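> Requesting a structural model of the entry that follows:
(one chain, ligands or ions: 1)
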Amino acid sequence: MIKNIVVLTGAGISAESGIPVFRSETGLWEQERVEDVATYDGFLRDKAKVHGFYNKMRLSLADKQANPAHLALTRLQREWQSGKVTIVTQNIDNLHEKAQSKDVIHMHGELMSLRCERCDYAGFFDGESSVESVCPACGHKGCMRPDIVWFGETPYEMGVIEEHLSQCNLFLSIGTSGVVYPAAGFCRFAKAVGAQCVEFNLEPSAVGSSFDYGLYGKASETLPAFVEHLLSTGELLRP
Ligand code: BJW
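Alright, predicted model coming up:
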């Protein structure tokens, strides 16, 4: 019997809301070098450029709305009676929050947050940051950075995530290419504790063969149907 569910989301769930994915012909990494905007070394080389890159992304979130896939997860969280539903996202956007999902774990950080390198304060931020930004906690200038987990940095809340994974019976992975670790290893972790694992993607991901099966197509179509079936029957919708 399915009790606890862990859901991992990636850029694909937000693609239909108009937020570009990372790895595709028109993806973000075709426009910017990963080493420049998604590593701490890149930030040290050109802080103004990196602030500018995330400012642009942050401002672009204002008119983006949650889509039926985000809303389906909110419904699952609200209506699932047999256990808890934990949403872990790799996304730095705020569309799960706009869909009113609860307690979303942002393992790669959040665009709507800035962090202080001096005192480690992190908090809500919806403006434009710069090398001149002042920390609201310690008052120092020039020590704020985007609250994003870059390559080589430790993702947030790994202990909490592993705790949830170790107690889950069902693991759902939605719209992620399965190339970035540790998230790409969550399916194997969940399988090892006996969970059933299902992926939702346009095509099998790099770790697709680790899943019990996949539902391939747009997440805005496959996920609402899956959730409806799960809530009404307690069983998994299969292809
Ligand atoms: C749809 C759809 C639709 C489209 N419906 N689907 C060598 C081997 C193994 C690991 C490593 C290695 N060398 C280094 C590492 C570690 C490294 C890593 O994994 N590198 C790999 C690239 C090799 N990882 C790290 O450094 C991480 N830290 C770490 O490992 O610390 C050590 C540690 C671990 C555990 C405990 C303690 C310590 C940190 C990773 C940080 C990732 N950060 C980024 C950047 C954010 C900045 C920004 O936003 O600009 O996070 S990278 C980027 O990739 C972003 C994403 O969250 C992440 C994942 O991308 P995602 O979501 O999968 O997007 P895409 O574009 O790749 O895929 C979209 C998918 O959607 C596609 O499959 C489409 O088909 C699908 N799709 N439309 C359904 N409508």
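> Now tell me which helix or strand of this structure has the poorest mean pLDDT.
Counting by mean pLDDT, DSSP states H and E, the weakest-scoring helix or strand in the chain turns out to be helix 28-31, with a mean of 78.
> elements contacting it?
The contact analysis (3 or more Cβ pairs under 8 Å, 6 or more residues apart in numbering; DSSP states H and E) places helix 28-31 against no helix or strand. No exception for glycine: its C-beta is placed from N, CA and C like everyone else's.
> and it, which residues are buried?
Within helix 28-31, the residues scored as buried using 16 or more other Cβ atoms under 10 Å are L28.
> which residues sit against that helix?
Applying Cβ atoms under 8 Å, 6 or more residues apart in numbering, the contact partners of helix 28-31 are 20-24.
> which of the residues you listed count as buried?
20-22.
> okay if I get these as CSV plus secondary structure and distance to R58?
Shown next, in CSV, are the buried ones among the contacts of helix 28-31 (DSSP: H, G, I helix; E, B strand; the rest coil; distance: Cβ to Cβ, whole Å):
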residue, secondary structure, distance to R58
P20, coil, 14
V21, coil, 18
F22, coil, 17
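> Go ahead and confirm N67 touches S17.
Yes: N67 is within contact range of S17, at 4.8 Å (criterion: Cβ atoms under 8 Å).
> what element comes up after the helix or strand hosting L111 heading to the C-terminus?
Per DSSP states H and E: L111 is located in strand 109-116. Using DSSP H and E, the helix or strand that directly follows strand 109-116 along the chain is strand 122-124.
> which parts of that following strand are buried?
By neighbour count with 16+ other Cβ under 10 Å, strand 122-124 contains the buried residues A122.
> residues making contact with it?
Contact partners of strand 122-124, identified using Cβ under 8 Å, 6+ apart, comprise 112-116, 136-137, 147.
> from those residues, which would you call buried?
Buried subset of those (neighbour count, 16+ other Cβ under 10 Å): 112-116, 147.
> Include distance to the ligand when you put those into JSON lines, please.
Putting the buried ones among the contacts of strand 122-124 into JSON lines (distance: Cβ to the nearest ligand atom, whole Å) gives the following:
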{"residue": "M112", "distance to the ligand": "13"}
{"residue": "S113", "distance to the ligand": "13"}
{"residue": "L114", "distance to the ligand": "14"}
{"residue": "R115", "distance to the ligand": "14"}
{"residue": "C116", "distance to the ligand": "19"}
{"residue": "D147", "distance to the ligand": "11"}
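> Closest one to L76 out of those, please.
Within the buried ones among the contacts of strand 122-124, the smallest distance to L76 is 23.7 Å, found for M112 (Cβ to Cβ).
> Am I right that the closest one is in contact with A62?
No: between M112 and A62 there is no contact under Cβ under 8 Å: 10.5 Å.
> can you pull the pLDDT of the closest residue to the ligand within the chain?
As assessed by Cβ to the nearest ligand atom, the ligand sits closest to G12 within the chain, at 2.3 Å. On the pLDDT scale, G12 is placed at 98.
> who touches the nearest residue in space to it that is not next to it in sequence in this structure?
In space, and not counting its chain neighbours, G12 is closest to G175: 2.2 Å by Cβ to Cβ, 6 or more residues apart in numbering. G175 makes contact with 9-15, 21, 69, 200-201, 219, according to Cβ under 8 Å, 6+ apart.
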